[in-house]
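Asks: Got a predicted model here, sequence first, then my questions.
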Amino acid sequence: MIPLIPILAGLALVGGGATLLWYDSLSKEDKARADRLTADYAAALFEKTVSQLTQSEARAVHDRVKAHFMN
């Protein structure tokens, strides 16, 4: 049997690390914009504050914010 929990935990760590590297690469102004966008998307999509998001909701918000900066 494949140990699923350690694999998922490892993927979460890698994904979290990549997110932190991406965020750290932003300028101070872009970090402020990303923070505002995150709060706006959380409210618009899920009617929650960022701290209330589930992991999957947080991932959806993160993906939208990152896509905004990639365009």
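Replies: Structure's in. What do you need?
Asks: Show me where this structure has its helices.
Replies: All helices of the chain, identified by DSSP state H, fall at 4-25, 28-46, 55-70.
Asks: Output the last one as CSV - backbone C-alpha positions only.
Replies: C-alpha atoms of helix 55-70 as CSV (Å, rounded to 0.1, in the frame of the first residue of the first chain):
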residue,chain,number,x,y,z
GLN,A,55,-6.9,24.8,2.0
SER,A,56,-8.7,24.2,-1.3
GLU,A,57,-10.3,27.7,-1.2
ALA,A,58,-7.0,29.3,-0.4
ARG,A,59,-5.4,27.4,-3.3
ALA,A,60,-8.1,28.7,-5.6
VAL,A,61,-7.5,32.3,-4.4
HIS,A,62,-3.8,31.9,-4.7
ASP,A,63,-4.1,30.6,-8.3
ARG,A,64,-6.2,33.6,-9.3
VAL,A,65,-3.8,36.1,-7.7
LYS,A,66,-0.8,34.5,-9.3
ALA,A,67,-2.6,34.4,-12.7
HIS,A,68,-3.3,38.1,-12.3
PHE,A,69,0.4,38.8,-12.0
MET,A,70,1.3,36.5,-14.9
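Asks: list the contacts for the closest residue to Ala58 other than its chain neighbours?
Replies: Residue nearest to Ala58 in three dimensions, not counting chain neighbours: Val50, with 7.5 Å by CB to CB, 6 or more residues apart in numbering. In short, each C-beta sits where N, CA and C put it, glycine included. Going by CB atoms under 8 Å, 6 or more residues apart in numbering, Val50 touches Thr38, Ala39, Ala42, Ala58, Val61.
Asks: tell me which of those is nearest to Leu4?
Replies: Using CB to CB, Ala58 comes nearest to Leu4 of the contacts of Val50, at 20.9 Å.
Asks: what's near enough to touch the most centrally placed residue in the chain?
Replies: A centroid search over the chain (CA atoms, centre = their mean) returns His62, at 3.1 Å, as the residue closest to the centre. Contacts here follow CB under 8 Å, 6+ apart; on that basis His62 touches Thr19, Thr38.
Asks: What's the ChimeraX syntax to select whichever of the contacts of Val50 are buried?
Replies: A single ChimeraX command selects the buried members of the contacts of Val50 (16 or more other CB atoms under 10 Å):
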select :38,42,58,61
